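Peer 1: okay, structure incoming, though there's no sequence with it:
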């Protein structure tokens, strides 16, 4: 019996949301390899989460989508970033 050829997979590019049942969304991140980044969060063990979901998008959209989600949801592990984005949106008068 021969070895089966392993198909290469294309990593998911998008904004991801880590959540738990007590706090809801606890962290918002963005990556061109969401699967790998979430695996990293699991290995690190610093964030208390039990699930995630992904909003797929193009790499060029990652920064803005992530920042807006953080400013809107205010996740506990993104506290400093949320404050920065609220200031930035107000300063530049961007439409939300």
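Peer 2: Yep, that arrived. For clarity, every value in this text was computed on a predicted model and none was experimentally measured.
Peer 1: switch to C-alpha atoms for all contacts and neighbour counts from now on
Peer 2: Fine.
Peer 1: the closest residue in space to residue 78 that isn't next to it in sequence: what secondary structure?
Peer 2: Counting by Cα to Cα, 6 or more residues apart in numbering, residue 27 is the residue found nearest to residue 78 once chain neighbours are left out, at 6.0 Å. Following DSSP: H, G, I helix; E, B strand; the rest coil, the label given to residue 27 is strand.
Peer 1: what's near enough to touch residue 27?
Peer 2: The contact partners of residue 27, by Cα atoms under 8 Å, 6 or more residues apart in numbering, come to 17-19, 75-78.
Peer 1: filter these to the buried ones?
Peer 2: 17-19, 75-78 (16 or more other Cα atoms under 10 Å).
Peer 1: so where's the chain shaky on pLDDT?
Peer 2: Applying pLDDT under 70 to the chain flags residues 1-7, 81-96.
Peer 1: roughly how far does the residue most central in space within it sit from residue 8?
Peer 2: Closest to where the C-alpha atoms of the chain average out (Cα atoms, centre = their mean) is residue 29, at 2.3 Å. As defined by Cα to Cα, to the nearest Å, residue 29 lies at a distance of 24 Å from residue 8.
Peer 1: try residue 45
Peer 2: Relative to residue 8, residue 45 is positioned 28 Å away (Cα to Cα).
Peer 1: what about the buried ones among the contacts of residue 27, which are in helices?
Peer 2: Here DSSP state H is the test, and these give no hits in helices at all.
Peer 1: in TSV: these, plus distance to residue 34.
Peer 2: Putting those into TSV (distance: Cα to Cα, whole Å) gives the following:
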residue	distance to residue 34
17	10
18	11
19	15
75	18
76	20
77	18
78	17
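Peer 1: ok, so of those, who is nearest residue 40?
Peer 2: Taking Cα to Cα as the measure, residue 18 is the one of the buried ones among the contacts of residue 27 closest to residue 40, at 12.5 Å.
Peer 1: please consider this matter closed, and thank you.
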